[in-house]
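**Student:** Provided below for reference: sequence and predicted model.
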Amino acid sequence: MPIGRRQNTPRNLRFYFTENNNGILNDFTKLESINMENANKWIIGFIYPKPTKEEWSSEIARINYGWILRTELEKFQDDYYVAIWEKA
């Protein structure tokens, strides 16, 4: 079932950081492969429930270097987190 049809179903943080079609790691790779001179590249992840700081730190270490996380985990309430990365 597509992710969009699974409303109100919390995900394990590992769900977002898998290299299959459900995770976002492939999105980073795909976006990096697009050659557009001077293009601004962003990735937005809607993550719920909000992970702990320890879980989050462990998982974002898997993201390729060259991306800057623009949102802060601590500034979101416990039920969700919006992670926004910008290509450096």
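**Tutor:** Sure thing, it's come through.
**Student:** where exactly do the strands run in the chain?
**Tutor:** Applying DSSP state E to the chain gives strands spanning 42-47, 67-69, 81-87.
**Student:** Helices of the protein, residue ranges please.
**Tutor:** 13-16, 25-33, 53-60 (DSSP state H).
**Student:** most tightly surrounded among the strands of the chain?
**Tutor:** Mean neighbour count (mean count of other Cβ atoms under 10 Å) peaks for strand 81-87 among those, with a mean of 17. Where you see a C-beta, it was placed from the backbone N, CA and C, and this is true even at glycine.
**Student:** So what pairs up with the most centrally placed residue in the chain in the strands?
**Tutor:** Note on the chain: the residue nearest the mean C-alpha position is Gly45, at 4.0 Å, using Cα atoms, centre = their mean. According to DSSP bridges, the residues that bridge with Gly45 are Ala83.
**Student:** any idea how far Ile84 is from it?
**Tutor:** 8 Å (Cβ to Cβ, to the nearest Å).
**Student:** Which one of the strands of the chain lies nearest to Arg14?
**Tutor:** Closest approach to Arg14 among the strands of the chain (Cβ to Cβ): strand 42-47, 11.6 Å.
**Student:** can you give me how far the closest one is from the chain middle?
**Tutor:** Here strand 42-47 is found 5 Å from its chain centre; the criterion is Cα atoms, centre = their mean, to the nearest Å.
**Student:** Kindly report the same for stretch 35-52.
**Tutor:** With Cα atoms, centre = their mean as the basis, the mean position of stretch 35-52 lies at 6 Å from the chain mean.
**Student:** With stretch 25-43 instead?
**Tutor:** On Cα atoms, centre = their mean, the centre of stretch 25-43 falls 14 Å from that of its chain.
**Student:** Same check on stretch 44-63?
**Tutor:** How far stretch 44-63 lies from its chain's middle: 7 Å, per Cα atoms, centre = their mean.
**Student:** Name the residues of it that are buried.
**Tutor:** 45, 47, 50-51, 56, 59-60, 63 (16 or more other Cβ atoms under 10 Å).
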